[in-house]
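[1] quick check, what structure comes out for this input:
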Amino acid sequence: MSNACSIDRAAVIGAGTMGRGIVMSLANAGIRVLWLDNNPQMLEQALGVVAETNAHNVRLGRISEQESTARLACITPVSDYPALAEVDLVIEAVYENLELKQQIFRTLDATLKPGAILASNTSALDIDAIAAVTARPESVLGLHFFSPAHIMKLLEIVRGARTAPAVLDAALELGRRIGKVAVVAGNCHGFIGNRMLHAYVREARMLLLEGAYPHQVDAALQGFGFAMGPFRMYDVVGIDLEWRARELAGKGQDDPAVQVDNRLCGLGRFGQKARLGYYRYAEGSRQAEHDPEVDALVQQVSEQLGFARRAVGAEEILERCLLALVNEGAKILEEGIAASSHDIDRVYLNGYGFPADQGGPMAWADDQGAADILARLQALQARFGEHWRPAALIESLAASGKRFADVRVSDVREGRA
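    Numbering: from 1, shown residues only. Reported below is the predicted structural model:
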């Protein structure tokens with residue numbers, strides 16, 4: 001694997017939003033990038049967006065004309081897979097469909113030189129299932145960039161069961177070179193960040209059904225210090241992304257928690273890009289405005305599902321959303337998906353807008369104390385059911401008086417945590 005450790009030439013597959021951002025991340029660091037998309041018109045448009053982004057940065061004085069020219073010179077559009085044969089790394093950045101990604105990886109495996117690294121930008125899919133269709137699973141890993149990829153600092157590097165250490169080292173070095181905060185994650189659905197986000201957002205959505213409104217949930221979490229609450233976040237990224245993914249997968253659309261999202265998408269309220277989502281947006285504005293129509297829709301959906309609405313305060317919103325993050329983070333640490341609680345905190349500080357002064361969800365939990373967190377989770381379990389059962393790691397930390405910061409994955413595996 002020695003030649004896998006030097007990444008001089010890269011390729012990106014996909015000219016959508018993520019592909020554009022990844023190409024810019026690489027080119028801005030002086031890495032030569034070949035860019036492939038099966039739609040030549042989309043690739044041409046994407047090249048135009050990259051050129052305009054550079055021109056905008058020149059106008060603002062962030063970079064010089066020479067830097068802009070050098071960055072653009074690093075990018076070469078190509079029209080077929082054979083053109084990628086000699087690259088050191090390829091990053092696939094197409095939409096979240098396992099069969100499509102597997103098809104691409106079969107082609108890459110047959111086309112790229114030995115030792116080339118094959119990476120997927122998937123945000124949740126099984127890296128081992130992608131690696132399994134190749135004859136080189138040791139060269140396959142996840143490189144999960146966050147959108148917009150040329151601006152967001154976090155890079156989750158996802159190790160598969162057979163990813164070679166040299167390949168992980170090369171990915172970490174690449175992360176440093178392109179100015180990212182790189183965190184290695186194990187392979188599970190959603191890895192570190194999105195797995196925890198799922199638990200957090202599920203509580204936020206259930207709070208809507210039980211009696212809260214989107215602006216109240218967001219206000220509570222933003223008051224705690226989050227860059228934005230979950231519903232404002234969904235408006236920014238697009239409510240329709242998960243909705244379309246559920247449609248494509250043919251599962252999850254009947255979950256009570258997503259019925260408000262489904263109704264909004266049915267009305268074409270996809271978020272900020274449509275000027276209507278959980279909030280409304282004036283033409284040309286990113287300012288989220290409270291929309292009473294959404295409150296009425298939330299009330300209607302929850303009543304149709306049989307919920308007896310009640311007043312939900314900011315304290316309960318914070319308690320449930322934060323403890324959902326912490327409990328899932330504890331399970332991630334327990335399972336060895338993250339190497340340390342510090343890595344979990346780095347993910348949340350750099351990719352999910354967790355308040356910096358709180359240090360991250362696991363540091364916040366350490367400030368509360370494991371015994372206190374355990375008691376609060378047990379209270380939620382008694383009130384809301386088994387999905388609130390405290391992670392075994394929290395119970396052991398409470399018993400031993402230790403903190404998440406004291407835990408190393410090797411200790412958990414050997415029963416010493």
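[2] can you tell me the element the closest residue to residue 180 other than its chain neighbours falls in?
    Of all residues not flanking residue 180 in the chain, residue 155 sits nearest, at 3.9 Å (CB to CB, 6 or more residues apart in numbering). Placement of C-beta: from N, CA and C, glycine included. Element membership for residue 155 (DSSP states H and E) is strand 154-159.
[3] chain center to that strand: distance?
    A distance of 10 Å separates the centroid of the chain from that of strand 154-159, by CA atoms, centre = their mean, to the nearest Å.
[4] same question, stretch 32-50
    Stretch 32-50 sits 23 Å away from the centroid of its parent chain (CA atoms, centre = their mean).
[5] for stretch 145-161, same thing?
    For stretch 145-161, the distance to the chain centre is 8 Å (CA atoms, centre = their mean).
[6] average pLDDT across it?
    Averaged over stretch 145-161, pLDDT sits at 95.
[7] would you mark the buried spots in it?
    For stretch 145-161, the neighbour count (16 or more other CB atoms under 10 Å) marks 145-147, 149-150, 152, 154-160 as buried.
[8] for that stretch, list the C-alpha coordinates in CSV.
    Extracted in CSV, the C-alpha atoms of stretch 145-161 (Å, rounded to 0.1, in the frame of the first residue of the first chain):
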residue,chain,number,x,y,z
PHE,A,145,-17.5,15.9,3.8
PHE,A,146,-20.1,18.4,5.2
SER,A,147,-21.9,20.8,3.0
PRO,A,148,-20.8,23.3,1.8
ALA,A,149,-17.7,21.1,1.6
HIS,A,150,-15.2,23.9,0.7
ILE,A,151,-16.3,25.8,3.8
MET,A,152,-17.3,23.3,6.5
LYS,A,153,-14.3,22.2,8.6
LEU,A,154,-15.3,18.7,9.5
LEU,A,155,-14.3,15.5,7.6
GLU,A,156,-15.4,12.2,8.9
ILE,A,157,-13.0,9.5,7.8
VAL,A,158,-14.9,6.2,7.9
ARG,A,159,-12.9,3.0,8.3
GLY,A,160,-14.3,-0.2,6.9
ALA,A,161,-13.6,-3.6,8.4
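[9] rewinding a little: which residues touch the helix or strand following the strand holding residue 155?
    Proceeding N to C from strand 154-159, the next assigned helix or strand is helix 165-177, under DSSP H and E. Here helix 165-177 makes contact (CB atoms under 8 Å, 6 or more residues apart in numbering) with 1-2, 4-7, 29, 31, 89, 117, 119, 138-139, 141, 143, 155, 157, 159, 181-182, 184.
[10] among those, name the buried ones.
    Among these, the ones that count as buried by 16+ other CB under 10 Å are 1, 4, 7, 31, 89, 117, 119, 138-139, 141, 143, 155, 157, 159, 181-182, 184.
[11] in strands, which of these fall?
    Mapping these onto strands (DSSP state E) picks out 89, 117, 119, 141, 143, 155, 157, 159, 181, 182, 184.
[12] circling back to that earlier point, out of the buried residues of stretch 145-161, who's nearest residue 50?
    Distance ranking of the buried residues of stretch 145-161 against residue 50, using CB to CB, places residue 150 first at 9.0 Å.
[13] please report how far that closest one lies from residue 178.
    According to CB to CB, to the nearest Å, residue 150 and residue 178 sit 9 Å apart.
[14] neighbours around the closest residue to residue 294 other than its chain neighbours, how many?
    Once flanking residues are discounted, residue 294 sits nearest to residue 278: 5.7 Å by CB to CB, 6+ apart. Look at residue 278: counted by other CB atoms under 10 Å, it has 30 neighbours.
[15] hang on, residue 278 packs against residue 236?
    No - in this structure residue 278 lies outside contact range of residue 236 using CB atoms under 8 Å: 10.4 Å.
[16] picking up where we left off before, which neighbours do residue 150 and residue 178 share?
    Shared contacts of residue 150 and residue 178 (CB under 8 Å, 6+ apart): 25, 28.
[17] and the residue nearest the centre of the chain, what does it touch?
    Nearest to the mean C-alpha position of the chain, by CA atoms, centre = their mean, lies residue 194 at 4.9 Å. With contacts defined as CB under 8 Å, 6+ apart, residue 194 is in contact with 123, 124.
[18] report the secondary structure element holding it.
    In the assignment (DSSP H and E), residue 194 maps to helix 193-210.
[19] and the average pLDDT for that helix is what?
    Over the span of helix 193-210, the pLDDT mean works out to 97.
[20] with stretch 397-411 instead?
    Rounded mean pLDDT across stretch 397-411 is 88.
[21] buried set for that stretch?
    397, 398, 402, 403, 404, 407, 409.
[22] what does it contact?
    Contacts for stretch 397-411 (CB under 8 Å, 6+ apart): 329-330, 333, 336, 338-342, 362-363, 365-366, 370-371, 373-374, 393, 396, 417.
[23] take those residues and keep only those in helices.
    Of the contacts of stretch 397-411, the ones assigned to helices by DSSP state H are 329-330, 333, 341-342, 362-363, 365-366, 370-371, 373-374, 393, 396.
[24] which of these are buried?
    Buried members of the ones in helices among the contacts of stretch 397-411, scored by 16+ other CB under 10 Å, are 329-330, 333, 341-342, 362-363, 365-366, 370, 373-374, 393, 396.
[25] JSON lines for those, including distance to residue 43?
    Output for those, formatted as JSON lines (distance: CB to CB, whole Å):
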{"residue": "329", "distance to residue 43": "39"}
{"residue": "330", "distance to residue 43": "44"}
{"residue": "333", "distance to residue 43": "41"}
{"residue": "341", "distance to residue 43": "42"}
{"residue": "342", "distance to residue 43": "40"}
{"residue": "362", "distance to residue 43": "41"}
{"residue": "363", "distance to residue 43": "43"}
{"residue": "365", "distance to residue 43": "45"}
{"residue": "366", "distance to residue 43": "47"}
{"residue": "370", "distance to residue 43": "52"}
{"residue": "373", "distance to residue 43": "49"}
{"residue": "374", "distance to residue 43": "53"}
{"residue": "393", "distance to residue 43": "47"}
{"residue": "396", "distance to residue 43": "52"}
